[in-house]
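Participant: just to be clear, the model below is a prediction. Sequence and coordinates:
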Amino acid sequence: MNFTKMHGLGNDFVIVSGEERPPENTPDLARRICDRHFGVGADGLVFILPSESGDFAMRIINADGSEAEQCGNAVRCVSKFFYERMSRARRELRVETGAGLQRVWLEPDGEKVRRVRVDMGRPVLEGKAVPTTIDAESVVAYPVEVGERTFSFTAVSMGNPHAVIPVEDAIAFPVEFWGPKLEVHPLFPHQTNVEFVSFRSRSELDMRVWERGVGRTMACGSGACASAVASALTGRTDRRVTVHLQGGDLEIDWNEKDDRVYMTGPAETVFEGKW
Ligand SMILES: N[C@@H](CCC[C@H](N)C(=O)O)C(=O)O
């Protein structure tokens with residue numbers, strides 16, 4: 001199986017194209033290929049597949065073999081791959097994902113795409129829809145108890161679930177200690193991605209992430225969008241922000257007119273291989 005290793009701000013993927021559908025043993029394949037000691041090493045295995053409604057479809061399998069509905073960083077990577085390797089016909093694409101049809105705008109520099117803008121859709125705030133076990137129109141600054149600590153979280157779905165938690169200093173926060181406990185907390189029936197955020201100003205925030213089905217990663221595109229929405233909802237930031245992640249920055253715009261969240265950031269190819 002030929003593959004391409006790509007990343008968006010250090011959130012790295014093994015990208016496979018040319019198949020009609022993912023193979024039968026996909027969860028096991030994802031676990032083996034993503035293993036950083038015995039495999040290629042990646043946060044996820046991503047398939048570029050044929051689509052009837054879009055230019056192509058994307059499916060993302062987390063490193064633990066579970067499938068996710070959405071992955072902002074992978075959407076930027078597969079869009080770059082499609083333009084550079086499959087068709088240069090258009091700079092605006094439609095990508096079918098588990099979160100629906102996503103519009104993508106490519107910013108090529110000569111033959112290479114450096115930056116990609118993605119329409120990440122409207123955030124879902126309704127408690128049961130995120131999903132959480134909380135029956136409320138929105139779950140904003142809600143308490144969650146873990147061990148001896150109570151955090152305040154805002155639940156946002158960007159197609160996949162996120163719990164955004166403001167902390168004193170996101171960069172110094174012990175993500176590996178609290179992240180796994182929150183990921184599987186009974187408040188989240190499909191588990192959750194967890195974002196810890198702190199604020200530099202009304203237009204800049206730091207975010208560290210514990211991803212569902214993966215663990216600590218260097219960046220999370222959907223998590224950056226969820227963090228921007230939660231921070232605006234709680235009055236900490238404006239709707240247009242720069243999110244500083246461990247692997248670099250994303251520009252997020254929660255558009256007032258259409259209620260959609262637009263994410264802009266880089267995508268990079270690392271190497272080609274055969275599994
Ligand atoms: N890194 C991603 C999100 C990948 C999926 C996530 N682990 C989940 O299970 O929802 C991003 O960039 O959005």
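Facilitator: That came in fine, so what should we check first? Source: prediction; values computed, not measured.
Participant: the helices in the protein, which residues?
Facilitator: For the chain, the helices defined by DSSP state H occupy 26-34, 72-81, 175-183, 221-233.
Participant: how's the protein carved up into domains?
Facilitator: For the chain, automatic domain parsing gives the domain ranges 2-121+265-274, 127-259.
Participant: before we move on, back to that, mean neighbour count, distance to the ligand and mean pLDDT added to the helices of the chain, as JSON lines?
Facilitator: Yep, even glycine has a C-beta here, placed from its N, CA and C like the rest. Output for the helices of the chain, formatted as JSON lines (neighbours: other CB atoms under 10 Å; distance: least, CB to the nearest ligand atom, whole Å; pLDDT from 0 to 100):
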{"stretch": "helix 26-34", "mean neighbour count": "19", "distance to the ligand": "12", "mean pLDDT": "98"}
{"stretch": "helix 72-81", "mean neighbour count": "29", "distance to the ligand": "3", "mean pLDDT": "98"}
{"stretch": "helix 175-183", "mean neighbour count": "17", "distance to the ligand": "9", "mean pLDDT": "98"}
{"stretch": "helix 221-233", "mean neighbour count": "29", "distance to the ligand": "3", "mean pLDDT": "98"}
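Participant: those helices into TSV, with extra columns for distance to R149?
Facilitator: Formatted as TSV, these follow (distance: least, CB to CB, whole Å):
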stretch	distance to R149
helix 26-34	31
helix 72-81	29
helix 175-183	8
helix 221-233	19
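Participant: the ligand contacts on the chain?
Facilitator: 11, 62, 68, 70-73, 160, 193, 211-214, 217, 220-222 (CB under 6 Å from any ligand atom).
Participant: just the ones in strands from the residues you listed, please.
Facilitator: Among the residues of the chain next to the ligand, the members found in strands (DSSP state E) are 11, 62, 68, 193, 211, 217.
Participant: residue contacts, T192?
Facilitator: 155, 161-163, 182-183, 185, 212 (CB atoms under 8 Å, 6 or more residues apart in numbering).
Participant: nearest to the ligand, of those?
Facilitator: R212 (3.8 Å; CB to the nearest ligand atom).
Participant: hmm, N62 and the closest one touching each other?
Facilitator: Yes. Counting by CB atoms under 8 Å, R212 touches N62, with 7.0 Å between them.
Participant: which neighbours do these two share?
Facilitator: Common neighbours of R212 and N62 (CB under 8 Å, 6+ apart) are A68.
Participant: which one of the two has more residues nearby?
Facilitator: R212 (25 against 21; other CB atoms under 10 Å).
Participant: how much space separates the more buried one from E92?
Facilitator: Between R212 and E92 the computed distance is 30 Å (CB to CB, to the nearest Å).
Participant: and if you look at E69?
Facilitator: 23 Å.
Participant: these two: which has the busier surroundings?
Facilitator: Set E69 next to E92 and count neighbours by other CB under 10 Å: E69 wins out with 17 against 11.
Participant: for the more buried one, give me its contacts.
Facilitator: 97-99, 159-160.
Participant: hmm, V116 is touching W105, no?
Facilitator: Yes. The pair V116 and W105 passes the contact test of CB under 8 Å, sitting 7.2 Å apart.
Participant: show me which of these two is the more surrounded one.
Facilitator: V116 (27 against 15).
Participant: so where's the stretch 101-250 of the chain shaky on pLDDT?
Facilitator: Scanning the stretch 101-250 of the chain with the threshold set as pLDDT under 70 gives no residue ranges.
Participant: show me where it has its strands.
Facilitator: Assigned by DSSP state E, counting those that start in this stretch, the stretch 101-250 of the chain shows strands spanning 112-119, 142-146, 149-157, 161-166, 193-201, 204-211, 215-217, 240-245, 248-254.
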